[in-house]
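*Asks:* How does the following fold in three dimensions:
(one chain, ligands or ions: 2)
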Amino acid sequence: MSNQERYLSLVNEIQEHNRRYYLEDNPSVSDAEYDLLMRELRSLEEQHPEWIVPESPTQNVGADIDDAQQDALLARSPFAPIQHLHRMTSLDNAFDDSDLQSFEDRINRVLGTSGQSYDYTCELKIDGLSINVYYHNGQLTWAATRGNGVIGEDVTANLLTIPGIPRKLEGVPEHLEVRGEVFMTKEEFLRLNAEAEELGGTVFKNPRNAAAGSLRQKDASVTASRKLQVNFYALGSTEGLAVHTQGELLKWLQDHGFQTNPYSKHARGWSEAAAYHREMIQERPNFPVDADGTVVKVDRFDLQNELGFTSRAPRWAIAYKFPVEEARTVLQDIQINVGRTGKLAPLAVLDPVDVEGSTVARATLHNEDFIKDLDLHLGDTVVIRKAGGVIPEIVRVVKELRPEGAVPFQFPKECPVCHHPVTRDPENADTYCVNPECPSQSYQRILHFIHKGAMDIAGMGEKTLEQLVNSGRVTSVADLYALNMDTLLQIERMGEKNATKLLQQIEESKTRPLSRLIFGLGIRYVGARNAELLEKHFPDLDALLNASEVTLCNIPGLGDRIAESVYHSLQDPNMRELIERLRGYGLNFKSTFEAAGEELAGLTFVITGSLSQPRDDVKKRLERLGARVTGSVTKKTDYVLAGEDAGSKLEKATQLGVKVIDEAALETLIAQRS
Ligand SMILES: NC(=O)c1ccc[n+]([C@@H]2O[C@H](COP(=O)([O-])OP(=O)(O)OC[C@H]3O[C@@H](n4cnc5c(N)ncnc54)[C@H](O)[C@@H]3O)[C@@H](O)[C@H]2O)c1
Ligand SMILES: [Zn+2]
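*Replies:* Residues are numbered from 1 along each chain as shown. Ligands and ions are numbered 1, 2, ... in the order given. Take a look at the predicted model:
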């Protein structure tokens, strides 16, 4: 291949990656690999400017799609197109200190100075997706994604589900665009992926894709459930405002109620900016959200204006990317766990190794195809890194170091626990043990049923449950309610005191809200949020059992795939039998959802001590009835709701003369005010 052919094939290849990344939120290569391709492309273009084609990714922002593709996209997109008032651009990259130095040299050249150190505002480059929020006469009017920089997608309804975005601004120009980055914290990303792995939803590659995929949802209530956040850092134009530097702008944004990132810092000259960058690399493991680098911006706006833009990026800013740390280690083993849906989950067991500030000894391998594509052999030396700064993943095998005689890993044909033959889902690469009596599945199902978010039976430890399941004393969640003192005392290390406590918790769990029971049943796709939706819609479990598939599909926010899954799971004879047994044991089947009311409007509550219901449920109920629930007692607190063993908050209430009530008094209060 000639160099020019290589150039054109790079243009094509990168365009394809852009499409997958920006339009489908589903990249097939890592950002580091992508950046390497871009660097190669750039250096070819520097040597041969005459080769540059207009569709080159260096000349465009975003997916660089032509008109026909744009039409096709918009036709498919559930979002209306919106034209930005001012173009949204990308950023050029620096990969080492000398790139940063060249950046300052170029500024000197363009501004006609030489060797001068400029003032910069340095910020974190949050790895999310950019958003443009438009205020007309101070009123939030629409919000759009970057799109191709000129036209983006209207995601107003979705954006409004994110807390902390001002709806109204005072004393601002008639037209104002406020720009920032929508992102997902690492914690929320892990929670979402764990839920998706378990319930069978989309598993995202990294927090950026998760944020993009969550914001671009047809159904804004799905976006609302994803806990997105946003940091603002720019305006479309600062005309008509008394801000003259990026530093002042960040302050202006904060003063007007916009969330900004706390890590920004002033720097003088490229070397101070480089020092900030090094500091941030050290801090990176502590960021609640992943950042993929720092952004160095010329501070003064008059200089920014002089410097201007290239076709895709400002000349006054540069993204200094964090190094991607890779480590080598040895694949010791591949463990296969069987989840509660019967899904076989392969896990790589690695020689522990440090990557980006933490020790990695395990990595998920997703499914059979993932292992095949990597061509994993036990004993292989593998390269690992952290996707999105969080999830350790195996990137590739170092084939040269493969031990002699190593054989490719064979995915099991039978369940590693019950030895029942497994079946592969024809739609994806997942493999399932379909034996309904598989002890591993029973164990996982019961574990799910008793965990904190479901029936919350904390006294049942994993070891205890394991013994109960393995000895055949407990095979389904209903069996929990048949446990008695004699059975429990046969469990190793289970004394009378703990057994009594456990039996009491099991008894208490019978009164949990219906949504927790529905969640606990472990229906595919039904997490805590969907369970709540279902509880809101039906007066009791029987009404849900009798609901037709159409009725379920019509529940706003539930989604057809979920409705279908609920319907079919609840028709299953085994599920019916289980539910009847639970009814027999007297579990609560009634919806505890009162319609949202005003009974407690204007009152502030603090909850303390242990109550008959999980505190979170009580809090939600108070809020549904209009109350505000806060964490600490002040003079503004109207009531302290105290359960057993209430401590310092109770003392504080007495000191301040705040009324203290118990659960019974709360019911009276609600009844009086309704
Ligand atoms: N893996 C893939 O297939 C693939 C494909 C395309 C792009 N990518 C990744 O995306 C990058 C290019 O994407 P891009 O054009 O969106 O640019 P970018 O993400 O490198 O930088 C520009 C963006 O940074 C964001 N940003 C975050 N914090 C900011 C701050 N404080 N100030 C200003 N901007 C801030 C803004 O959204 C802005 O649009 C590549 O370097 C690569 O890492 C990967
Ligand atoms: Zn099995």
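
*Asks:* now the closest residue to ligand 2 within the stretch 1-150 of the chain, what's its secondary structure?
*Replies:* Nearest residue of the stretch 1-150 of the chain to ligand 2, counting by C-beta to the ion: N26, 31.1 Å away. From N, CA and C alone the C-beta is placed, and that goes for glycine too. The three-state label given to N26 by DSSP: H, G, I helix; E, B strand; the rest coil is coil.

*Asks:* mean confidence for stretch 348-362?
*Replies:* Per-residue pLDDT over stretch 348-362 has a mean of 90.

*Asks:* May I see the buried residues of it?
*Replies:* A348, L350, E356, V360 (16 or more other C-beta atoms under 10 Å).

*Asks:* Ok, stretch 468-485 next?
*Replies:* Per 16+ other C-beta under 10 Å, stretch 468-485 contains these buried residues: L468, V469, V474, S476, V477, A478, D479, L480, Y481, L483.

*Asks:* and the gap between the first one and ligand 2?
*Replies:* Translated: L468. Relative to ligand 2, L468 is positioned 18 Å away (C-beta to the ion, to the nearest Å).

*Asks:* My guess is that residue contacts Q490. True?
*Replies:* No. Assessed by C-beta atoms under 8 Å, L468 is found out of contact with Q490, at 9.5 Å.

*Asks:* hmm, back to that, for the residue of the stretch 1-150 of the chain closest to ligand 2, what are phi and psi?
*Replies:* When read as degrees, to the nearest 10, the backbone of N26 gives phi -150, psi 70.

*Asks:* Can you report how many residues lie near it?
*Replies:* 14 (other C-beta atoms under 10 Å).

*Asks:* residues in contact with it?
*Replies:* R20, K205, N209 (C-beta atoms under 8 Å, 6 or more residues apart in numbering).

*Asks:* Now render these as CSV, adding neighbour count.
*Replies:* As requested, the contacts of N26 are exported to CSV (neighbours: other C-beta atoms under 10 Å):
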residue, neighbour count
R20, 15
K205, 20
N209, 24
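
*Asks:* Cross the residues you listed against strands and list the overlap.
*Replies:* Judged by DSSP state E, strands contain none of those.

*Asks:* any idea how this protein splits into domains?
*Replies:* In terms of domains, the chain is parsed into 3-83, 92-321, 327-424, 439-509, 514-584, 604-673 (source: automatic domain parsing).

*Asks:* Is it correct that E508 is in contact with P614?
*Replies:* No. Between E508 and P614 there is no contact under C-beta under 8 Å: 10.0 Å.

*Asks:* Tell me which of these two has more neighbours.
*Replies:* Neighbours were counted for E508 and for P614 using other C-beta under 10 Å; P614 has more, 18 against 15.

*Asks:* Touching, the more buried one and M455? I think so.
*Replies:* No. At 9.8 Å, P614 does not count as touching M455 under the criterion of C-beta under 8 Å.

*Asks:* intersection of neighbour lists for the two?
*Replies:* R512.

*Asks:* Any residues of the protein in contact with ligand 2? List them.
*Replies:* Listed as neighbours of ligand 2 in the chain under the rule C-beta under 5 Å from the ion: C415, V417, C418, H420, C433, N435, C438.

*Asks:* roughly how far apart are the spatially closest residue to the first one that is not a sequence neighbour and R524?
*Replies:* Beyond its immediate neighbours in the sequence, the residue positioned closest to C415 (C-beta to C-beta, 6 or more residues apart in numbering) is C433, lying 3.6 Å away. Here C433 is placed at a distance of 15 Å from R524 (C-beta to C-beta, to the nearest Å).

*Asks:* Who has more neighbours out of those two?
*Replies:* C433 (26 against 17).

*Asks:* check contacts around the more buried one.
*Replies:* C433 makes contact with V338, G342, L344, C415, V417, C418, H420, V422, S440, Q441, according to C-beta under 8 Å, 6+ apart.

*Asks:* Just the ones in helices from those, please.
*Replies:* S440, Q441 (DSSP state H).

*Asks:* among the contacts of C433, which are in strands?
*Replies:* Those of these lying in strands (DSSP E): V338, L344, V422.

*Asks:* Show me where the stretch 251-400 of the chain has its helices.
*Replies:* Assigned by DSSP state H, counting those that start in this stretch, the stretch 251-400 of the chain shows helices spanning 269-283, 301-307, 368-374.

*Asks:* Reformat the ones you listed as a markdown table; add mean pLDDT, distance to T630 and mean neighbour count.
*Replies:* Below are these laid out as a markdown table (pLDDT from 0 to 100; distance: least, C-beta to C-beta, whole Å; neighbours: other C-beta atoms under 10 Å):
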| stretch | mean pLDDT | distance to T630 | mean neighbour count |
| --- | --- | --- | --- |
| helix 269-283 | 96 | 31 | 18 |
| helix 301-307 | 97 | 41 | 15 |
| helix 368-374 | 92 | 46 | 16 |
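
*Asks:* And the average pLDDT for stretch 493-506 is what?
*Replies:* Averaging pLDDT along stretch 493-506 gives 94.

*Asks:* just stretch 62-70 next, same as before
*Replies:* Here the average pLDDT along stretch 62-70 is 55.

*Asks:* now swap in stretch 27-37 and tell me
*Replies:* For stretch 27-37, the per-residue pLDDT averages 83.

*Asks:* Show me which positions of it end up buried.
*Replies:* Those would be P27, V29, S30, D31, Y34, D35, for stretch 27-37 by 16+ other C-beta under 10 Å.

*Asks:* ok now the helix or strand hosting L582, how far from the chain's centre?
*Replies:* Using DSSP states H and E, L582 sits in helix 573-584. Here helix 573-584 shows a centroid-to-chain-centroid distance of 35 Å under the convention C-alpha atoms, centre = their mean, to the nearest Å.

*Asks:* distance between the helix or strand that that helix is followed by and the chain's centre?
*Replies:* Downstream of helix 573-584, the next assigned helix or strand under DSSP H and E is strand 604-608. Computed by C-alpha atoms, centre = their mean, the chain-centroid distance of strand 604-608 equals 30 Å.

*Asks:* can you give me the angle the following helix or strand past strand 604-608 makes with strand 604-608?
*Replies:* Downstream of strand 604-608, the first helix or strand assigned by DSSP H and E is helix 615-624. Put simply, helix 615-624 runs at 170 degrees to strand 604-608, going by axes from the mean of the first three to the mean of the last three C-alpha atoms, to 10 degrees.

*Asks:* Can you tell me the SS state at G213?
*Replies:* Per three-state DSSP, the secondary structure class of G213 is helix.

*Asks:* quick one: low-confidence parts of the stretch 501-650 of the chain?
*Replies:* Counting by pLDDT under 70, the stretch 501-650 of the chain has low-confidence residues at 594-596.

*Asks:* In contact with the closest residue to K536 other than its chain neighbours, which residues?
*Replies:* Using C-beta to C-beta, 6+ apart and skipping the chain neighbours, the partner closest in space to K536 is F593 (5.1 Å). Going by C-beta under 8 Å, 6+ apart, F593 touches E535, K536, R624.

*Asks:* wait, the last one sits on G597?
*Replies:* Pointing back at R624 there. Yes. R624 lies in contact with G597 (C-beta under 8 Å); the separation is 7.0 Å.
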